[in-house]
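1. Build the 3D model from these lines:
(2 chains)
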There are 2 protein chains.
Amino acid sequence: MKRFFEKRLAFGFLAARASGGAVAQVTETPPTEVEPVLRVPAEDYRTQWVQIGAFSLLAENPAEGAREIHTVHVERSALEAYLRDGDFPNGTKIVKEAWSTRTEVLTTGTASYADKLEGRFVMVRDAAGTLGSGARFGDGWGWAFFAGDETRMTVTGDYKVDCLACHEPARDQGLLYIQGYPAVRK
Amino acid sequence: MKRFFEKRLAFGFLAARASGGAVAQVTETPPTEVEPVLRVPAEDYRTQWVQIGAFSLLAENPAEGAREIHTVHVERSALEAYLRDGDFPNGTKIVKEAWSTRTEVLTTGTASYADKLEGRFVMVRDAAGTLGSGARFGDGWGWAFFAGDETRMTVTGDYKVDCLACHEPARDQGLLYIQGYPAVRK
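-> Residues are numbered from 1 along each chain as shown, chains lettered A, B, ... in the order given. Predicted structure coming up:
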């Protein structure tokens, strides 16, 4: 587990490792079985859902390009509901994949692309507060992070500690970084 | 059209403008009506097709983060055929969107995300060489670039000049940068 405990930041659920490479989980909660409603979806969301956006995170040494690429996936029906109603229906899952990258100098320039899946963030819309009651639920969502390929064992304990540090700045837009999602921000 | 003609590189269909900002088309072909088979798809490929990968291109001043994000889309049935057969069926369209970015310092670090659509590359699989015969067809594909929101008027003249400069290094993998597509490279 060492790799997940290397660095703790005041603000940051994820932090770049000193090497600038992969994602590091900074919570110190040992993996526990997550509530079923918070599991990584069993279906093939990469091909069956809609990827609504991608974030590129710069390496600590910027010349190295992107250290991570994050891709964000929701069900098509949930996206359509959001565009119609301005909110995701109760039970909507948002899956954000965190990939470490490979970077090459290609003809277009220094190009980084997804290499290894470092982990996945799941948020489940719980506007009514009825989907769960533990420390992974609150502020209208359920929250969990899963390292690597894990789908059930989460290292998220209390979302207020592990998740809000990064999401709090987006509170006035429903705790989501809407600006990164071209399909949603229109 | 000035923005599209600012900079010509020996290798490069696209080049960063001196400002490091947006995509610049470097071919000097005036826009012409494209063959119908090469048009940007009329359907909503962003939500109906599969996004198979994203490339992050570093700014000329690396501290500025990514200058462009490219996202690549194919039909689900074409992806399934590729995974089964190792090739895309004749007529498969690959759409690569080139977005200029916005970059913010967020809790996760310097984060860049898609801002403005600068243009789209369309490749159509033409293994049999039957879909077209002009200078935009060859090497098993049809090729066209469309600036901004354009879907029919292309600035691509001869694909050998405008497209192969960037794709030639990927010849041994079917002229595609397969390494950037996690779903395909498995």
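
2. check whether the helix ranked longest in chain A contacts chain B.
-> Of all the segments of type helix in chain A, defined by DSSP state H, the longest one is helix A:76-85. Yes: using CB under 8 Å from any CB of the partner chain, we find that helix A:76-85 touches chain B at A:76, A:79. Using the backbone N, CA and C atoms, a C-beta is placed for each residue, glycine as well.

3. Please name every helix or strand in contact with that helix.
-> strand A:50-58, helix A:182-185, helix B:45-48 (3 or more CB pairs under 8 Å, 6 or more residues apart in numbering or on different chains; DSSP states H and E).

4. try 7 Å this time
-> strand A:50-58 (3 or more CB pairs under 7 Å, 6 or more residues apart in numbering or on different chains; DSSP states H and E).

5. counting contacts, what elements does the strand it packs on pack onto?
-> strand A:66-74, helix A:76-85, helix A:182-185, strand B:50-58, strand B:66-74, strand B:109-125.

6. Okay, now the sheet partners of the helix or strand just after the second one, with direction.
-> So the one you mean is helix A:76-85. Going down the chain from helix A:76-85, the next helix or strand is strand A:93-106, by DSSP states H and E. With DSSP bridges as the test, strand A:93-106 is paired with strand A:66-74 (antiparallel), strand A:109-125 (antiparallel).

7. what's the offset of strand A:93-106 from the middle of its chain?
-> 11 Å (CA atoms, centre = their mean, to the nearest Å).

8. can you check stretch A:175-186 too?
-> Taking CA atoms, centre = their mean, the mean C-alpha location of stretch A:175-186 is offset from the chain mean by 14 Å.

9. Any chance you could list what contacts it?
-> For stretch A:175-186, the external contacting residues (CB atoms under 7 Å, 6 or more residues apart in numbering or on different chains) are A:52-53, A:55, A:72, A:79, A:82, A:139, A:141, A:167, A:170, B:46-47, B:113-114.

10. one step back: and the helices and strands packed on strand A:50-58, which one is worst for confidence?
-> Of all these, the minimum mean pLDDT falls on helix A:182-185 (a mean of 84).

11. tell me which residues of it are tucked away?
-> A:182-184 (16 or more other CB atoms under 10 Å in any protein chain shown).

12. Nearest to B:Thr32, out of the strands paired with strand A:93-106?
-> Among the strands paired with strand A:93-106, strand A:109-125 comes nearest to B:Thr32, with 27.7 Å by CB to CB.

13. in its sheet, what does the helix or strand following that closest one sit against?
-> Remark: after strand A:109-125, the chain's next helix or strand is strand A:137-138, criterion DSSP H and E. Strand pairing for strand A:137-138, determined by DSSP bridges: strand A:141-147 (antiparallel).

14. Remind me what the helix or strand following the partner strand packs against, helices and strands.
-> The helix or strand immediately downstream of strand A:141-147 is strand A:153-154, counting by DSSP H and E. When contacts are defined as 3+ CB pairs under 7 Å, 6+ apart, strand A:153-154 sits against strand A:32-33, strand A:141-147.

15. For the helices and strands packed on strand A:50-58, give me TSV that also has distance to B:Met153.
-> Shown next, in TSV, are the helices and strands packed on strand A:50-58 (distance: least, CB to CB, whole Å):
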stretch	distance to B:Met153
strand A:66-74	31
helix A:76-85	29
helix A:182-185	22
strand B:50-58	25
strand B:66-74	20
strand B:109-125	12
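
16. right, so of those, which gets closest to B:Pro89?
-> Judging the helices and strands packed on strand A:50-58 by CB to CB, what sits closest to B:Pro89 is strand B:109-125, at 6.7 Å.

17. any low-confidence regions in chain A?
-> A:1-28, A:186 (pLDDT under 70).
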